[in-house]
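Chemist: I would like to see how this sequence folds:
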Amino acid sequence: YTTLFRSYRLVFVGDDLTDEAGFSVVNQLQGMSVKVGAGETQAHWRLADAAAVRTWLQHLAYDAQTERRDDHESFSRSL
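Modeler: Modelled structure (predicted):
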C-alpha cells in the first residue's frame, strides 16, 4: 500500500455498523472516513445523507481538477 498509493489519500464512506471496521483501517492509514447518517461512529467526518455525499464528491472532483489545471498552467508559464 505505502509505495503504490503514496500520493493518494484513501476515502471510505459508509452508512451502517458493518462499515466501522473500514473506518478503523482508513483512520490508521490516515485516510478520510465519512459516516453517512446518524449513529455512533469511528469516522472522522459525517454527512447527512446520500445527496450530501454526492455534493461533497462533486466538490472534491472540482477541486482536484482545478488544482491539476493550476499546476499545468504554472508549469507552462515556467517554460
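
Chemist: For Q42, see how far away L17 is.
Modeler: Note on L17: its distance to Q42, by CB to CB, to the nearest Å, is 11 Å. C-betas here are computed from N, CA, C, even on glycine.

Chemist: Then A50?
Modeler: Distance of A50 to Q42, given as CB to CB: 20 Å.

Chemist: Looking at those two now, which is surrounded by more residues?
Modeler: In this view A50 and Q42 are compared by other CB atoms under 10 Å, and Q42 has more residues nearby, 15 against 12.

Chemist: chain center to stretch 57-68, what's the gap?
Modeler: Put simply, stretch 57-68 sits 11 Å off its chain's centre (CA atoms, centre = their mean, to the nearest Å).

Chemist: heads up, I number from 37, so please use that
Modeler: Noted, 37 is the first residue going forward, which turns the last one into stretch 93-104.

Chemist: export it as CSV, just CAs?
Modeler: Written as CSV, here are the backbone C-alpha positions of stretch 93-104 (Å, rounded to 0.1, in the frame of the first residue of the first chain):
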residue,chain,number,x,y,z
LEU,A,93,-17.7,14.2,-4.1
GLN,A,94,-18.5,16.8,-6.8
HIS,A,95,-16.6,19.4,-4.8
LEU,A,96,-13.7,17.1,-4.3
ALA,A,97,-13.6,16.3,-8.0
TYR,A,98,-13.8,20.0,-9.0
ASP,A,99,-11.1,21.0,-6.5
ALA,A,100,-8.8,18.2,-7.9
GLN,A,101,-9.4,19.2,-11.5
THR,A,102,-8.8,22.9,-10.7
GLU,A,103,-5.6,22.0,-8.8
ARG,A,104,-4.3,20.0,-11.8
